[in-house]
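Engineer: got a structure for you, letters missing:
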């Protein structure tokens, strides 16, 4: 059973309230919430202006409301006298706190399993260190990859599954390795997800160390996968090389690891072996399930995209 799942904090407008926006949260899709409100409490439908995916919808909604408390129309209502643009910027600012490194660093280590869904909201220059055991008998783990966020608000979406066939890396030789697994956040495919800037996979036993060595102190959060994972890096502000090519989530050529980052990375590699393990490039002839050989629909990764069950009629 999954421990972590996605929710959404949304911005709605309504033509009968032209100077107000509604900011709320839902564990369903924002479009479903808008339909519910139209059927119960409004003579005109709400328009979904924006929807932010989050691992902590309740906390994100509360912090957004707190940041806009001076603009709240009534204390007991979710309506605010701000423009949609201000509402969106405030949600994204708040998400860097509720889904940021300090929120996840409260746990010494986060263990992830099948069905878990996580979003990490990063700040520029934060570093991600992916480590794994090259073999089941290796004396210690080694670095698999090293990434660095380009922009405040860049995110990582982590989707955990027991089926390795659905997970792919941007470097895999598979026809869908460069495809976005969740390109939109509504069923009509009109609410685009943020721009994908990297796609990677984790295997059972891999550990992901998230680090921030900026002042005033070093902060880190450690995640360990008990199963396979599809990892997606996204940005709302793409960066480009001098040749006009979109930058992936990789290291700046001039970046140098601090002593704290080096020590933390070495420490993670020296941790005891994980309880589960799988090879990164499995030999299917030896009985291992293959990776990156089939494509999953967006609904597989984001269950909210499935059609809602129709309510039963009262007898």
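Structural biologist: On my side now, so go ahead. Note that this is a predicted model, so its numbers are computed, not measured. Residues are numbered from 1 along each chain as shown.

Engineer: switch to C-alpha atoms for all contacts and neighbour counts from now on
Structural biologist: Will do.

Engineer: Give me the below-cutoff pLDDT ranges for the protein.
Structural biologist: 1, 39-42, 310-315 (pLDDT under 70).

Engineer: can you do 90?
Structural biologist: Where the chain drops to pLDDT under 90, the residues are 1-2, 38-44, 76, 106-108, 136, 173-176, 215-216, 239-254, 308-315.

Engineer: can you give me the strands for it?
Structural biologist: 7-13, 21-26, 47-54, 79-80, 110-112, 117-121, 127-132, 142-148, 155-161, 195-202, 207-212, 219-225, 228-235 (DSSP state E).

Engineer: of all those strands, which lies closest to residue 241?
Structural biologist: Proximity to residue 241 (C-alpha to C-alpha) singles out strand 195-202 among the strands of the chain, at 13.1 Å.

Engineer: Give the other helices and strands that the closest one contacts.
Structural biologist: On a contact count with 3 or more C-alpha pairs under 8 Å, 6 or more residues apart in numbering; DSSP states H and E, strand 195-202 meets strand 228-235.

Engineer: what angle sits between the strand it packs on and strand 142-148?
Structural biologist: 20 degrees (axes from the mean of the first three to the mean of the last three C-alpha atoms, to 10 degrees).

Engineer: about what we covered before: a markdown table for the strands of the chain, including distance to residue 249 and mean neighbour count?
Structural biologist: Output for the strands of the chain, formatted as a markdown table (distance: least, C-alpha to C-alpha, whole Å; neighbours: other C-alpha atoms under 10 Å):
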| stretch | distance to residue 249 | mean neighbour count |
| --- | --- | --- |
| strand 7-13 | 24 | 24 |
| strand 21-26 | 29 | 23 |
| strand 47-54 | 20 | 21 |
| strand 79-80 | 35 | 22 |
| strand 110-112 | 22 | 18 |
| strand 117-121 | 13 | 24 |
| strand 127-132 | 10 | 24 |
| strand 142-148 | 6 | 17 |
| strand 155-161 | 10 | 24 |
| strand 195-202 | 6 | 22 |
| strand 207-212 | 14 | 24 |
| strand 219-225 | 18 | 21 |
| strand 228-235 | 7 | 24 |
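
Engineer: got CSV for those, with distance to residue 90 too?
Structural biologist: Shown next, in CSV, are these (distance: least, C-alpha to C-alpha, whole Å):
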stretch, distance to residue 90
strand 7-13, 11
strand 21-26, 10
strand 47-54, 11
strand 79-80, 12
strand 110-112, 28
strand 117-121, 14
strand 127-132, 24
strand 142-148, 24
strand 155-161, 16
strand 195-202, 20
strand 207-212, 23
strand 219-225, 24
strand 228-235, 17
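
Engineer: so which of those comes closest to residue 301?
Structural biologist: Among those, if distance is taken as C-alpha to C-alpha, the winner is strand 155-161, at 6.4 Å.

Engineer: List of residues touching the closest one?
Structural biologist: Residues from elsewhere that reach strand 155-161 (C-alpha atoms under 8 Å, 6 or more residues apart in numbering): 112-122, 225, 227-235, 301.

Engineer: Just want the angle from that strand to strand 228-235.
Structural biologist: 160 degrees.

Engineer: partners of strand 155-161 in the sheet?
Structural biologist: With DSSP bridges as the test, strand 155-161 is paired with strand 117-121 (antiparallel), strand 228-235 (antiparallel).

Engineer: contact partners of the last one?
Structural biologist: Which is strand 228-235. So strand 228-235 is in contact with 114, 151, 153-164, 167-168, 194-204, 249, going by C-alpha under 8 Å, 6+ apart.

Engineer: cutoff 7 Å now
Structural biologist: 154-164, 167-168, 194-204 (C-alpha atoms under 7 Å, 6 or more residues apart in numbering).

Engineer: picking that back up, put together CSV for the strands paired with strand 155-161, with distance to residue 69 on each row.
Structural biologist: CSV is the format used below for these (distance: least, C-alpha to C-alpha, whole Å):
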stretch, distance to residue 69
strand 117-121, 23
strand 228-235, 28
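
Engineer: how near is residue 145 to residue 15?
Structural biologist: Using C-alpha to C-alpha, to the nearest Å, one gets 49 Å for the distance from residue 145 to residue 15.

Engineer: Same question for residue 85.
Structural biologist: 17 Å.

Engineer: can you check residue 77 too?
Structural biologist: On the measure of C-alpha to C-alpha, residue 77 and residue 15 end up 18 Å apart.

Engineer: go on, residue 161?
Structural biologist: Where residue 15 is concerned, residue 161 sits at a distance of 42 Å (C-alpha to C-alpha).

Engineer: Give me the buried positions along the biggest helix by length in the chain.
Structural biologist: In the chain, ranked by residue count with DSSP state H as the criterion, the top helix is helix 84-98. For helix 84-98, burial by neighbour count (16 or more other C-alpha atoms under 10 Å) applies to 84, 87-88, 90-98.

Engineer: Next, format the residues you listed as TSV and append distance to residue 291.
Structural biologist: As requested, the buried residues of helix 84-98 are exported to TSV (distance: C-alpha to C-alpha, whole Å):
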residue	distance to residue 291
84	42
87	41
88	37
90	39
91	36
92	34
93	36
94	36
95	32
96	32
97	34
98	33
